[in-house]
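Asks: Curious how this folds, go ahead:
(one chain, ligands or ions: 1)
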Amino acid sequence: MKQKKGETDLGKTLGVAYGLCFGGLLSLALGCGIQYRWNAILGIVLAVLGLAAFVSGIVLAYARLRCPYCDASLMQRGRLPFEVPNFCPNCGKPLE
Ligand SMILES: [Zn+2]
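Replies: This is a model prediction of the structure:
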């Protein structure tokens, strides 16, 4: 079965990294809100978990979002790319 674009390993990695980053930010924001309005301990726990998820999303993207040919990072100036580029920005080979 042929894989569709975006369902490849690079696409999956990007999806997971995005999920961790957005989920982490959401949890961080929620935790900060809860901390002031409702329950300080729960808020801090949520905020710390959110921060950990956010950081692991970035680390995952740095570690795994690489060109399979030349090993160049596919991050765009330290940020997550919106999607996996069609061609490697470093060596120009097509990325699956
Ligand atoms: Zn490359």
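Asks: So which residues on the protein come close to the ion?
Replies: Residues of the chain that fall close to the ion, judged by Cβ under 5 Å from the ion: 67, 69-70, 72, 88, 90-91. C-betas here are computed from N, CA, C, even on glycine.
Asks: so what does whichever strand or helix holds residue 52 touch, helix or strand wise?
Replies: Taking DSSP states H and E as the definition, residue 52 sits inside helix 40-64. Identification of packing neighbours for helix 40-64 by 3 or more Cβ pairs under 8 Å, 6 or more residues apart in numbering; DSSP states H and E yields helix 9-37.
Asks: Report the mean confidence score over the helix it packs on.
Replies: The average of the pLDDT scores along helix 9-37 is 92.
Asks: quick one: contacts for residue 68?
Replies: By Cβ atoms under 8 Å, 6 or more residues apart in numbering, residue 68 lies in contact with 95-96.
Asks: Phi, psi for it please.
Replies: Here is the backbone geometry of residue 68 (degrees, to the nearest 10): phi -70, psi -10.
Asks: what about the spatially most central residue of the chain, distance to residue 39?
Replies: What sits nearest the mean C-alpha location of the chain, by Cα atoms, centre = their mean, is residue 17, with 2.1 Å. According to Cβ to Cβ, to the nearest Å, residue 17 stands 30 Å off from residue 39.
Asks: returning to that earlier point: tell me how many other residues crowd the closest residue to the residue nearest to the centre of the chain other than its chain neighbours.
Replies: Setting aside the residues directly before and after it, residue 17 is nearest to residue 61 in space (Cβ to Cβ, 6 or more residues apart in numbering), at 4.0 Å. Neighbourhood size, residue 61 [other Cβ atoms under 10 Å]: 24.
Asks: I figured residue 61 hits residue 14, correct?
Replies: Yes. Applying Cβ atoms under 8 Å, one finds residue 61 in contact with residue 14, separated by 7.1 Å.
Asks: Need the residues touching each of those two.
Replies: Common neighbours of residue 61 and residue 14 (criterion: Cβ under 8 Å, 6+ apart): residue 80.
Asks: quick one: the residue nearest to the centre of the chain and residue 93, what's the gap?
Replies: Distance, residue 17 to residue 93, by Cβ to Cβ: 22 Å.
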